[in-house]
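J.: fold the following for me, if possible:
(one chain, ligands or ions: 1)
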Amino acid sequence: MLVVVAAIVGSLTLVGGGIAIADTPEPSIKTRTPRTESGVPNIDVVRQQIKNYYGDPLGTGTFGASSNYAKEATKVAAAGTKYLGQPYRGRGHKAILMDVDDTTLNTWNYEIAVNFAFTPASNAEFVLGQKFPAVPGMVNLAKAAERHGYAIFYLTGRGTAQEAATLGNLTADGTGVDAGYPKPTPLGNGEDGLFTKPAVADYPDYLKKACANDPKGTCTTIHYKSATRAHIESLGFDIVANFGDQWSDLKGGYANRTFKLPNPTYFLP
Ligand SMILES: [Mg+2]
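T.: Model prediction:
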């Protein structure tokens, strides 16, 4: 998913000797400005390198089971599984939390279908069609965690309208791909343990509060995810490990340890 997001950042501008508030659009990805062409990777070459990394040099949409990507993801999952097998010394109901896209479900088939150019409409076809296979190693990790007595939570930026399809793709509903993950653990207050992102008007109080100063009151990914983890912990759970493919899945605390899954195909700030 190449995601283009423009954040509106308020800044002070002098107008006619007075001070006025102006909205200055800025890119949400902060990075360097190359001085010459040689400092920029060629985008077509990078696409090919990514295909090679996924063990799919011809871009069929199926990643290789023994690709470098699969090996790297499996290695992270194995490290997580080992960590979760250690005796729990904390307080509360131990839990793990996992992101969905490219943490539990792999979106390579979609990336190839759209040549890495995300749009909400094209993505929704894959999400609602439940077309995504599991990320290598992660089903085994989640099943092992469940056997060890961890509560299982999923936290995704997918919207509320995609909740049922997401649950069906992750678990087993007989529609599309059934990745075989454990069902999420209900929280006891009516929440089902799979957290999708509500529309701003439907934010629960903990998101309204955490995101009040975000642009238009819409949660940044880091605020949405960290505030949701804080909410889960406020209900008596202790998030022992948090798994994500984006740094924005992992920043902001409320997890004892974080694990980063590989994903060179898009960046969500
Ligand atoms: Mg993700």
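J.: now do the contacts for the residue nearest the centre of the chain.
T.: Against the mean C-alpha coordinate of the chain, by CA atoms, centre = their mean, the closest residue is residue 99 at 4.4 Å. Applying CB atoms under 8 Å, 6 or more residues apart in numbering to residue 99 gives the contacts 154-156, 243-246, 249. Every residue, glycine included, has its C-beta placed from N, CA and C.
J.: where do the helices sit along the stretch 151-269 of the chain?
T.: For the stretch 151-269 of the chain, the helices defined by DSSP state H, counting those that start in this stretch cover 163-170, 205-210, 221-234, 247-250.
J.: tell me how many other residues surround the residue of the stretch 151-269 of the chain found nearest the ion.
T.: Using CB to the ion, residue 245 is the residue of the stretch 151-269 of the chain that sits closest to the ion, at 4.4 Å. By other CB atoms under 10 Å, the residues close to residue 245 number 27.
J.: can you list the residues of the stretch 1-150 of the chain near the ion?
T.: Proximity of the stretch 1-150 of the chain to the ion, by CB under 5 Å from the ion, involves residues 99, 101-103.
J.: nope, the stretch 151-269 of the chain is what I was after
T.: residue 245.
J.: hang on, the earlier thing: among the contacts of residue 99, which two are most distant?
T.: 154 and 246 (14.7 Å; CB to CB).
J.: the more surrounded of these two?
T.: Neighbour totals were compared for residue 154 and residue 246, and residue 154 leads with 29 against 22 (other CB under 10 Å).
J.: need the contact list for the more buried one.
T.: So residue 154 contacts 97-100, 104, 166, 170, 184, 193-195 (CB under 8 Å, 6+ apart).
J.: which two of those residues have the greatest separation?
T.: Across the contacts of residue 154 (CB to CB), the longest gap, 14.7 Å, separates 97 and 166.
J.: which one's more surrounded, those two?
T.: Per other CB under 10 Å, whichever of residue 97 and residue 166 has more neighbours is residue 97, with 30 against 23.
J.: looking at the more buried one now. What's its pLDDT?
T.: Residue 97 carries a pLDDT value of 98.
J.: so it lies in a helix, does it not?
T.: No: secondary structure of residue 97 (DSSP: H, G, I helix; E, B strand; the rest coil): strand, not part of a helix.
J.: so it bridges to which residues?
T.: Counting by DSSP bridges, residue 97 forms beta bridges with residue 153, residue 242.
J.: who touches it in this structure?
T.: By CB under 8 Å, 6+ apart, the neighbours of residue 97 are 153-155, 229, 232, 239, 241-243, 255.
J.: could I get the contacts of residue 154 as CSV with distance to residue 40?
T.: Output for those, formatted as CSV (distance: CB to CB, whole Å):
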residue, distance to residue 40
97, 36
98, 34
99, 29
100, 31
104, 33
166, 36
170, 38
184, 42
193, 43
194, 39
195, 37
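J.: between those residues, which sits nearest residue 52?
T.: Taking these together and measuring to residue 52 by CB to CB, the closest member is residue 104, at 24.1 Å.
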